[in-house]
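Participant: Sharing a sequence plus its predicted fold:
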Amino acid sequence: MKNGKIKLTILVDNSADDNLSAEHGFSLWIETASQRILFDTGQGTALPANACALECDLSQADMLVLSHGHYDHTGGVPHVLNVNPGIPVYCHAGVFLPRYSIRPEGGVKSISMPQQSRAALVGLPSGQIHWVAAPQLIQPDIGISGPIPRPHAFEDTGGPFFLDQDGHRPDLLDDDQALWIHTDRGLVIIVGCCHSGLLNTVEHIRRVSGIDRIRGIVGGLHLHNASVQRVEKTYRAIADWDVEFIVPCHCTGKDVVSSMLDTLDDKVQQGRGGLTLVI
């Protein structure tokens, strides 16, 4: 892997190429010389046709990794298991928790994993689901972060998330996890929504992988509700890491992506369904 080619294809994002469907969600296809990994599945509506149009054969995926248990990342699970019944699934046990977004203007909205997705996972044979409770390698050069410590307290989960409909139990998204790939020029980090915060995520992965160099970051950064101070600290960190590229997707926020383009210039490539990166 450190000397091989990696191809990343965004299957689902909030925006997409003209011939593809867009939806509020995220899914990424990761292809190496020996492995095909599906990272998240979007809400489920866009995934089947987009994957077909982009020639990413879900029946040939070697594993499914779920970043966390929100509907916009897990809705396509039944389709994936239908076309690829034996696929190993990697996720944290917290993906099944009931979850709600509670806003004064929008009321209570369930954002849990859809019931069909939950039933599909619960019905799998013993051993097909790998419960990720700590950092682990899934290939010699590919790892899953497991739960991410959060020493940077200014990085909150990014929204009014709760485990109950009355808003008494905040949801810290303890199941949030990321994936890393070790390349010849450092780590490429894949995030779903980055509810743990980008600084917390990157520092954790650097520590557990033993690799300091960050080559690139791809995925949702959940900064659309972030304070100006948090965004500025995030930009400073990205500049300090001296990344080659960053691809903000999904929940990053349009205004944040625009300012990121202004601040970090040619390092930034805005994510969209259909975007392919060859590393």
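Facilitator: Done, it's in. Numbering: from 1, shown residues only.
Participant: Could you list the low-pLDDT ranges of this structure?
Facilitator: Regions of the chain meeting the criterion pLDDT under 70 cover residues 1-3.
Participant: Give me the three-state assignment for Tyr235.
Facilitator: In the three-state summary, Tyr235 is assigned as helix, counting by DSSP: H, G, I helix; E, B strand; the rest coil.
Participant: For the nearest residue to it once chain neighbours are set aside, what is the enclosing helix or strand?
Facilitator: Excluding the flanking residues, the one nearest Tyr235 by Cβ to Cβ, 6 or more residues apart in numbering is Thr263, at 5.1 Å. For the C-beta atoms, the positions are set from N, CA and C on the backbone; glycine is no exception. Element membership of Thr263, judged by DSSP states H and E, is helix 254-264.
Participant: Neighbouring strands of whichever helix or strand comes after that helix in the sheet, and parallel or not?
Facilitator: If you walk from helix 254-264 toward the C-terminus, the next helix or strand you reach (DSSP H and E) is strand 276-278. Take DSSP bridges as the rule and strand 276-278 pairs in its sheet with strand 7-12 (antiparallel).
Participant: Work out the gap between the strand it pairs with and the centre of the chain.
Facilitator: When C-alpha coordinates are averaged (Cα atoms, centre = their mean, to the nearest Å), strand 7-12 and its chain have centres 12 Å apart.
Participant: Buried ones in it, by neighbour count?
Facilitator: Counting neighbours by 16 or more other Cβ atoms under 10 Å, one finds that the buried residues in strand 7-12 are Leu8, Thr9, Ile10, Leu11, Val12.
Participant: How about stretch 258-276?
Facilitator: Of the residues in stretch 258-276, those with enough neighbours to count as buried (16+ other Cβ under 10 Å) are Ser259, Met260, Thr263, Leu264, Lys267, Val268, Gln270, Gly271, Arg272, Gly273, Gly274, Leu275.
Participant: Turn those residues into TSV, including distance to Ile148.
Facilitator: Conversion of these to TSV gives the following (distance: Cβ to Cβ, whole Å):
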residue	distance to Ile148
Ser259	25
Met260	22
Thr263	25
Leu264	23
Lys267	23
Val268	23
Gln270	25
Gly271	21
Arg272	26
Gly273	26
Gly274	29
Leu275	25
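Participant: Which parts of the stretch 101-250 of the chain are helices?
Facilitator: According to DSSP state H, counting those that start in this stretch, the stretch 101-250 of the chain carries its helices in the segments 115-122, 198-209, 228-241.
Participant: pull the CA atoms of the helix holding Thr263 into PDB?
Facilitator: C-alpha atoms of helix 254-264 as PDB (Å, rounded to 0.1, in the frame of the first residue of the first chain):
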ATOM      1  CA  LYS A 254     -21.200  25.500   2.100                       C
ATOM      2  CA  ASP A 255     -20.000  28.700   3.800                       C
ATOM      3  CA  VAL A 256     -17.200  26.800   5.500                       C
ATOM      4  CA  VAL A 257     -16.100  25.100   2.200                       C
ATOM      5  CA  SER A 258     -16.100  28.600   0.600                       C
ATOM      6  CA  SER A 259     -13.900  30.100   3.300                       C
ATOM      7  CA  MET A 260     -11.700  26.900   3.300                       C
ATOM      8  CA  LEU A 261     -11.100  27.400  -0.500                       C
ATOM      9  CA  ASP A 262     -10.200  31.100   0.200                       C
ATOM     10  CA  THR A 263      -7.900  30.200   3.200                       C
ATOM     11  CA  LEU A 264      -6.200  27.000   2.100                       C
END
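Participant: How about Ile144: which residues does it bridge to?
Facilitator: When bridges are assigned using DSSP bridges, the partners listed for Ile144 are Gln136, Leu179.
Participant: quick revisit: and the buried residues of strand 7-12, which is closest to Val80?
Facilitator: For Val80, the nearest member of the buried residues of strand 7-12 is Leu11. The distance, counting by Cβ to Cβ, is 10.9 Å.
Participant: Next, work out how far apart the closest one and Arg230 are.
Facilitator: Between Leu11 and Arg230 the distance is 29 Å, computed by Cβ to Cβ, to the nearest Å.
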